[in-house]
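[1] what shape does this take:
(2 chains)
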Amino acid sequence: MSTYAQKKGFGGTIWDYLTTVDHKKIAILYLMAGGLFFLVGGMEAVFIRIQLAVPNNDFVSAGTFNEIITMHGTTMIFLAAMPLLFAFMNAVMPLQIGARDVAFPFLNALGFWLFFFGGVFLNLSWFLGGAPDAGWTSYASLAVHSKGHGVDFYVLGLQISGLGTLIGGINFLATVITMRAPGMTYMRMPLFTWTTFVASAMILFAFPPLTVGLTLMMFDRLFGANFFEVAMGGNTIIWEHLFWVFGHPEVYILILPAFGIFSEIFSTFSRKRLFGYSSMVFATVLIGFLGFMVWAHHMFTTGLGPVANAIFAVATMAIGIPTGIKIFNWLFTMWGGSVKFTTPMYYAFGFIPSFVCGGVTGVMVATAAADYQYHDTYFVVAHFHYVIVGGVVLALLAGTHYWWPKMFGTMLNETLGKITFWLFFIGFHLTFFIQHFLGVWGMPRRVFTYLPGQGFDTSNMVSSIGAGFMSAGVIVLLLNVVITQVKNVKVGNDPWEDGRTLEWAISSPPPYYNFKQLPLVRGLDAYWIEKMEGKKAMTPAEPVGDIHMPNSSFIPFMITLGLFIAAFGALYHADDKSWALPVLIIGLLVTFGSMLVRSVKDDHGYHIHKEELMDEEKGAEA
Amino acid sequence: MQAEEKFTYETWPASPERATLEAKNKFLGFWLFLGGETVLFASLFATYLALKDKVPDSTHALAKDIFDLPLTLVATMLLLTSSLTSVYAMYHMKNFAFKKMMVWLGVTVLLGFGFLGSEIYEFNHYVHEYHHTFTSSAFSSAFYTLVGFHGAHVTFGLAWIISLMIRNSKRGLNLYNAPKFYVASLYWHFIDVVWVFIFTVVYLMGMVG
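    Numbers count the residues shown, from 1 in each chain, chains lettered A, B, ... in the order given. This next block holds a predicted model:
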């Protein structure tokens, strides 16, 4: 079954990716799909800034503007940031713990397809009667009465992709718990693995409330239920609670892996052990814990009362403490280190002041009394873009440059990388810094235009120019990717030369079985320890033996396809279309039928035999 | 230990549900999944409590009007007993007594169907007797969603256990299918625990007003 070195045709490659259960290939799928949605969300952002560049603009209509802002937020959070983080989690985390694969390779593939089809379904709304227009938070008071099918696409699309995320979270949790290499204790795990672990635990407990919220909204809009119909006894605040019980942990689900990426980069390019490793782990877990007790700070103006507001304000400010611990640890990691200014390190440097700005405004909006002033203004828009773009997106761009050689075996051009950084970094501050002031001056969030002479004109133009810089940065990155892949200069195991963790101990990209022999881990920064003792490779923890591998499968695709079809049935059911119910039933039958096939068909996987591994080694030497 | 290996009573491991790496993963992963399910039901309970007795006007029946303790008690006893019988089944699974395990799983399934039947009767009764339908009020939507989600879990659990029984009826136990039976029984227990809460929060608390 050694298909590794075999050359495949185009169709063969497509089939390979449709059926793959290999975490490294799934990582590439996540990177491509997430990247695609990132571009779509980015274009929506550019449309927003064009519309707002000058007063009284009519580039898009008010209704279309609502659709664009809704889709921009939804796409960026659910379909770009999450899957791009999942790309790195899949590509790197199993390697960092010295595992041959994740705990559930089949579910890993299923998770990807669910996310992807959910995202496609949501975006099809543009062509099928209009996108959702109730904002990315889709508050029930607006969403329940939104005309057309936009919100239905939101509800069903996010439901499907949310299932994928939940499955992915369970998979990563189990992988970290059971699949670590000999000697890889919890307190020897790299920070990116730790943050993946904590973020996955948060996914497990944060996504079910979203599932329930979306289900209730679906029942209300498509099946005549009354959860949010006030006249029938319903209550729209329930949606706000369910959404933010999910939504706030979601913010930490995004930022913790971003912290993990930067922790790896700071340590690697300062060529120094991460300062205060155990306090970093502690801070990560604490943020994960506190992340669940702050959701109502999004609802200060809802009218929960002064006691609730005070409690949630204090809990929110408490998160500043572990986050501050992290910031100082990163600074102390660089302190006295032999710092190398690579592209990922540029992003890491840029991240610290940007994210601290977002943190400071975070404490400002956490002050419940003051929040009555900031609420629903551009101040809040500026705040969350400083944490999401200044934190998560910078980390994603840094991670792309940092791990590209490990994922694809080629090195992105450093000069172009630095140009990308400067364009994006300047553009980011140009766009969002001024928005703090716009907010305090009184410009409300989500307005599609404004009148001239209110003091908003110049600032909005500045903000829009910034968006142009960011777009240029992304275009340079895309060029960089194309040029790099066309040149196709292959690199060795440890292209940054300062790799500390296990992923740098094997070839780039790694063989499909990852480690021929599981490595023996002797401490934190396992590979660095061996290098410092003059060794070229890890000490193996086992003799060369047969390796058990999972079989590829088309079933994950089929399970998802069924849900995708069923979603159309549910959506048009509300229009009393006669074909809607049969389509819904057929779709569900495909899904449950595929699950049944998976259950009754034995799948034992296969073994790579010892001799094949030996042959490959000889082939590589020859 | 290999998943395909043939076993006898003597060679059968003490914890067959965790004997291979795959089984260990399945065991752990399913517990994690149940953690997520707990939050799912917690959200549904919270929604139900917020919307309990929230109806448009006084012509609609409230919780204290519709619930009927004898019927609910029968349903509860059926489901609780089925949890016990699934424990017997797993006891025999661990002792490599395939036939006995199948018998107890069969009893579990029958009790499960009994529960499901009583629930269908109950819903039907509410609709016809009290016009308490899915769309009649926020209270009714929340009630049918919470109890219906549980009912859907019961249905899925029954389909799962039955398909496992049919699939493995001729080949006995091995380390590949033992974890599957075990995980299905875990799921069945979870459904039972949720019902304990539904019985308390929806029915008992509903009857006292």
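
[2] could you check the pLDDT of residue 193?
    Just so you know, I chose chain A. As predicted, A:Thr193 sits at a pLDDT of 98.

[3] my question was about chain B, not that one.
    Per the predicted model, pLDDT is 96 at B:Val193.

[4] the one 10 residues further on too?
    Model confidence at B:Tyr203, given as pLDDT, is 95.

[5] that's a strand at it, yeah?
    No - using DSSP: H, G, I helix; E, B strand; the rest coil, the assignment for B:Tyr203 is helix, not a strand.

[6] show the contacting residues for it.
    Residues in contact with B:Tyr203, defined by Cβ atoms under 8 Å, 6 or more residues apart in numbering or on different chains, are B:Phe67, B:Leu69, B:Thr72. To be clear about C-beta, it is placed using only N, CA and C from the backbone, and glycine gets the same treatment.

[7] one more: A:Trp496?
    A:Thr268, A:Phe269, A:Thr342, A:Tyr402, A:Pro405, A:Trp504.

[8] need those in a markdown table with distance to chain B and secondary structure, can you?
    Output for the contacts of A:Trp496, formatted as a markdown table (distance: Cβ to the nearest Cβ, whole Å; DSSP: H, G, I helix; E, B strand; the rest coil):
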| residue | distance to chain B | secondary structure |
| --- | --- | --- |
| A:Thr268 | 31 | helix |
| A:Phe269 | 35 | helix |
| A:Thr342 | 37 | coil |
| A:Tyr402 | 29 | helix |
| A:Pro405 | 30 | helix |
| A:Trp504 | 26 | helix |
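
[9] could I get the residues you listed in CSV, plus columns for distance to A:Trp15 and pLDDT?
    Shown next, in CSV, are the contacts of A:Trp496 (distance: Cβ to Cβ, whole Å; pLDDT from 0 to 100):
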residue, distance to A:Trp15, pLDDT
A:Thr268, 37, 97
A:Phe269, 40, 97
A:Thr342, 37, 97
A:Tyr402, 31, 98
A:Pro405, 27, 97
A:Trp504, 31, 96
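
[10] which among these end up buried?
    A:Thr268, A:Phe269, A:Thr342, A:Tyr402, A:Pro405, A:Trp504 (16 or more other Cβ atoms under 10 Å in any protein chain shown).

[11] pick out whichever of the residues you listed sits closest to B:Tyr121.
    A:Tyr402 (61.4 Å; Cβ to Cβ).

[12] next structured bit after the longest helix belonging to chain B?
    Longest among the helix segments of chain B by residue count, using DSSP state H, is helix B:98-130. Toward the C-terminus, helix B:98-130 is succeeded by helix B:138-168 as the next helix or strand (DSSP states H and E).

[13] packing partners of that following helix?
    If you count contacts as 3 or more Cβ pairs under 8 Å, 6 or more residues apart in numbering or on different chains; DSSP states H and E, helix B:138-168 packs onto helix A:191-223, helix A:580-600, helix B:21-51, helix B:98-130, helix B:178-198.

[14] tell me which of the ones you listed sits most buried.
    Mean neighbour count (mean count of other Cβ atoms under 10 Å in any protein chain shown) peaks for helix A:191-223 among the helices and strands packed on helix B:138-168, with a mean of 25.

[15] which element, helix or strand, includes the residue nearest the centre of chain A?
    The residue lying closest to the centre of chain A (Cα atoms, centre = their mean) is A:Met82, at 1.9 Å. Assigned by DSSP H and E, A:Met82 belongs to helix A:82-96.

[16] quick one: mean pLDDT over that helix.
    97.

[17] hmm, that helix in reach of chain B?
    No - if you take Cβ under 8 Å from any Cβ of the partner chain as the test, helix A:82-96 misses chain B, and the best it gets is 13.0 Å.

[18] in that helix, what counts as buried?
    Buried residues in helix A:82-96, counted by 16+ other Cβ under 10 Å: A:82-96.
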